[in-house]
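Asks: I'll drop the sequence and a predicted model, then ask my questions.
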Amino acid sequence: RKEVEQDPGPFNVPEGATVAFNCTYSNSASQSFFWYRQDCRKEPKLLMSVYSSGNEDGRFTAQLNRASQYISLLIRDSKLSDSATYLCVVNMGNYGQNFVFGPGTRLSVLP
Amino acid sequence: DAGVIQSPRHEVTEMGQEVTLRCKPISGHDYLFWYRQTMMRGLELLIYFNNNVPIDDSGMPEDRFSAKMPNASFSTLKIQPSEPRDSAVYFCASSSSEASGLGTEAFFGQGTRLTVV
């Protein structure tokens, strides 16, 4: 089993749709979690951190379920500019930082 | 802050040649990571440093790959000799453990696109 798993997609959705991505991780001792966004031929950039209580940033909502070891990202009212690859990232370092990236889920928002 | 700076942005080299990729992390960050990204394998961690010391190099594919961090503001990833299958985008990232007990996110450079022909 891979350390961080995601559905690679692609997810093709119309503008205005709501879309959800899930991610599972293998290390139950993982300490912190993130969603990154990567545009074509660009570097990954932080979209949002994921907190135990769940957190929201505008149209984006992230949830963490430690018992089931999965993380979710919900995008509401999707825009054309949301088209990108979304990477689930788990810090598996026990005493430091060891960022493990999922394979990414590709999203295309269509007009 | 200028962010993580990598050079060169693009590198085309012939098989068998030595390739050196360079990275300057964000000032004050104590962690530095080297990743490789390909379509087939996604983003793979090659090696990471803490306070200039290599912590985990288990992702380094072969002895042809080596990485150094002589000081807090500079790191290199060297491939010698290079092979066509090394063609990929190589990213450097840095992070800080000081922001909280759990650390902050990793900030990425723009990457070096390596093509070995």
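Replies: Perfect, thanks for sending it.
Asks: Would you pull up how far the worst-scoring helix or strand of chain A on mean pLDDT lies from the middle of the chain?
Replies: Within chain A, confidence by mean pLDDT, DSSP states H and E is lowest for strand A:99-101 among all helices and strands, at a mean of 89. Between the centre of strand A:99-101 and the centre of its chain there are 12 Å (CA atoms, centre = their mean, to the nearest Å).
Asks: Next: stretch A:43-63.
Replies: 8 Å.
Asks: Span of that stretch from start to end?
Replies: 24 Å (CA to CA, to the nearest Å).
Asks: and residue 56, how many residues sit next to it?
Replies: Going with chain A. A:Glu56 sits with 12 neighbouring residues when counted by other CB atoms under 10 Å in any protein chain shown. For the C-beta atoms, the positions are set from N, CA and C on the backbone; glycine is no exception.
Asks: Chain B is the one I meant
Replies: Residues near B:Asp56, counting by other CB under 10 Å: 16.
Asks: now A:Val50
Replies: 22.
Asks: and what of B:Phe33?
Replies: B:Phe33: 27 neighbours (other CB under 10 Å).
Asks: And for A:Pro8?
Replies: The burial count for A:Pro8: 13, using other CB under 10 Å.
Asks: ditto for B:His29
Replies: B:His29 has 20 nearby residues by other CB under 10 Å.
Asks: Quickly find the element holding it.
Replies: Here B:His29 is covered by no helix or strand, with elements defined by DSSP states H and E.
Asks: Quick check: end-to-end length of stretch A:26-44?
Replies: End-to-end for stretch A:26-44, by CA to CA: 22 Å.
Asks: Where does the prediction get shaky in the chain?
Replies: As the question left the chain open, I've gone with chain A. A:1, A:94-96 (pLDDT under 70).
Asks: nope, chain B
Replies: Ranges of chain B meeting pLDDT under 70: B:1, B:98-103.
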